[in-house]
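K.L.:
the following block contains a protein sequence and its predicted model.
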Amino acid sequence: MVLALILFACSAAQGASIAKDEIALELNPAQTEINFTLPDVLHTVHGTFQLRGGTVRFNPATGAASGAVTVDVASGASGSPARDRKMHKEILESGRYPEAVFTPERVEGRFSPEGVAELQVHGLFKIHGGEHEMVFQTRVETKGDQLVVNMHAVLPYVQWGMKNPSTFILRVSDKVQLDIHATGHIHPGTS
């Protein structure tokens, strides 16, 4: 997910001089934050996931993207051991589906060789045994050969076949917000 954004930012940072070249980006798990937010009636649940890794390739001339970004679903934590046990056992079924993978396919938006770009990263998100089309609203800031990427999407997890953890008293949304913040370095690839 984040990789696609970084690749796009990379293309912007490199400018027209490599407009025909493919750009490659590797995400660093230590420099990537994946946060989720699940609104409910009484309070909002916040939590995190860890990035396993990923590489994204991007062609700035065509907008085509490829690669994969892998999230460690089993790392999901909300700060409540009881809630996390239920999340992993009943909703995410992380023992059966231990990872989620975003495969970027294309990027829309105007790239800038320096500064900030607002992009839409389209691709497929594989989670809980299903594959779903997804778009991340992405903000990329280029700082020399470094990219700072912020991505946002809303996942309709119940529509995608996962259980809603609502009870008679506790009512939560059937959608979860996913926000990703990553820093990466631009690496020119091959055409």
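P.N.:
Yep, it's here.

K.L.:
report all helices and strands that the host helix or strand of Lys126 contacts.
P.N.:
Assessed by DSSP states H and E, Lys126 sits inside strand 115-127. Packing contacts for strand 115-127, counted by 3 or more CB pairs under 8 Å, 6 or more residues apart in numbering; DSSP states H and E, involve helix 2-14, strand 65-77, strand 99-109, strand 130-143, strand 146-155. For glycine as for every other residue, the C-beta is placed from the backbone atoms N, C-alpha and C.

K.L.:
got the angle between the host helix or strand of Gln177 and strand 130-143?
P.N.:
Taking DSSP H and E as the definition, one finds Gln177 inside strand 176-185. When axes from the mean of the first three to the mean of the last three CA atoms, to 10 degrees is applied, the directions of strand 176-185 and strand 130-143 differ by 40 degrees.

K.L.:
what lines up beside strand 176-185 in the sheet?
P.N.:
Strands flanking strand 176-185 in the sheet, each with its direction: strand 32-38 (antiparallel), strand 146-155 (antiparallel) (DSSP bridges).

K.L.:
what's the most buried one of the helices and strands packed on strand 115-127?
P.N.:
Among these, the stretch with the highest mean neighbour count (mean count of other CB atoms under 10 Å) is helix 2-14, at a mean of 30.

K.L.:
rewinding a little: note down every partner strand of the strand holding Lys126 and its orientation.
P.N.:
Sheet neighbours of strand 115-127, with direction, are listed as strand 99-109 (antiparallel), strand 130-143 (antiparallel) (DSSP bridges).

K.L.:
run through who's touching the shortest one.
P.N.:
Taking CB atoms under 8 Å, 6 or more residues apart in numbering as the criterion, the residues outside strand 99-109 that touch it are 1, 3-5, 7-8, 52, 54, 56, 58, 63-74, 117-128, 134, 136, 138.

K.L.:
list the beta-bridge partners for the nearest residue to Tyr157 once chain neighbours are set aside.
P.N.:
Of all residues beyond its chain neighbours, the one nearest Tyr157 is Val176 (5.5 Å), with distances taken as CB to CB, 6 or more residues apart in numbering. Residues found in beta-bridge contact with Val176 (criterion: DSSP bridges) are Leu155.

K.L.:
my guess is Val176 contacts Val158. True?
P.N.:
No: look at Val176 against Val158 with CB atoms under 8 Å: they stay out of range, at 9.4 Å.
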